[in-house]
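K.L.:
any chance you can model this:
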Amino acid sequence: MRMAVRAEGPFRLADGRAIWLRPLRAEDATLLVGLCKRLSPQSARRRFLRYPLPCDGREAERLADVDQVRRVALAVVADPAADGPILGIGRFHADGSDGRAELALVVADEYQHVGLGRLLLKRLCREAVRRRLRMFEGYVLYDNAPMLRLLRTSGQPLQVHWDGGDVLTIQLGVAAA
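P.N.:
Numbers count the residues shown, from 1 in each chain. Take a look at the predicted model:
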């Protein structure tokens, strides 16, 4: 069951810059390493829950290994026809048939706070609905206020669980957005 994920855009961000969304590809592994290396320590810690990162080719190849069916990933680029840098990634991984998928987002520092995370989340929700998923799950550091604000204002039902420690477990209902 292959579900085509196509390039979309251009989209205008709040600051006027234009970006495109396109499916992540296996050959993007080196661009993923570049994105990881451009992240500030704070952004890297917020996305990967630790710093420093294991930002090597092997990890990037694992992250770029998506089938766009159960493992869906969208790359944000300034030009879909060029091999320029990846500006952000939104992804989910559904490993069972229970209607749930693990969610992850990362946006390059220079593209944060201009609506890119919201756009990625909206598109991932749309792809999840197409695949009959009901819920995203994930982990967010308790002090990651931008991500928590994004989730709380997404228009989707959100549950946040805290079992002590620095990491919150989130469950975000998925509905057509």
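K.L.:
okay, CA-based contacts and neighbour counts for the rest of this
P.N.:
Noted.
K.L.:
least confident secondary structure element in this protein?
P.N.:
helix 41-48 (a mean of 80; mean pLDDT, DSSP states H and E).
K.L.:
buried residues in that helix, which are they?
P.N.:
Within helix 41-48, the residues that qualify as buried by neighbour count (16 or more other C-alpha atoms under 10 Å) are Ser43, Ala44, Arg45, Arg46, Arg47, Phe48.
K.L.:
now the residues you listed in a markdown table, with distance to Ala14?
P.N.:
Output for these, formatted as a markdown table (distance: C-alpha to C-alpha, whole Å):
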| residue | distance to Ala14 |
| --- | --- |
| Ser43 | 20 |
| Ala44 | 23 |
| Arg45 | 25 |
| Arg46 | 22 |
| Arg47 | 22 |
| Phe48 | 26 |
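K.L.:
which residues touch the helix or strand following the least confident helix or strand of the chain?
P.N.:
Where DSSP states H and E defines the elements, the next helix or strand beyond helix 41-48 is helix 57-64. Among residues not part of helix 57-64, those counted as contacts by C-alpha atoms under 8 Å, 6 or more residues apart in numbering are Leu24, Arg25, Ala26, Glu27, Asp28, Ala29, Thr30, Leu32, Val33.
K.L.:
what average pLDDT does helix 57-64 get?
P.N.:
Averaging the model's pLDDT scores along helix 57-64 yields 83.
K.L.:
from what I can see Gly134 touches Gly99, true?
P.N.:
Rather than Gly, residue 134 is Arg. Yes - counting by C-alpha atoms under 8 Å, Arg134 touches Gly99, with 5.1 Å between them.
K.L.:
helices of this structure, start to end?
P.N.:
If DSSP state H is used as the criterion, the helices of the chain fall at 29-38, 41-48, 57-64, 116-130, 145-152.
K.L.:
could you export the first one as CSV, CA atoms only?
P.N.:
It stands for helix 29-38. Backbone C-alpha positions of helix 29-38 (Å, rounded to 0.1, in the frame of the first residue of the first chain) are rendered in CSV as follows:
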residue,chain,number,x,y,z
ALA,A,29,21.2,11.2,4.7
THR,A,30,24.1,13.6,4.2
LEU,A,31,21.8,16.6,4.3
LEU,A,32,20.4,15.3,7.6
VAL,A,33,23.9,15.3,9.0
GLY,A,34,24.2,18.9,7.9
LEU,A,35,20.9,19.8,9.6
CYS,A,36,22.1,18.1,12.8
LYS,A,37,25.4,20.0,12.8
ARG,A,38,23.6,23.3,12.3
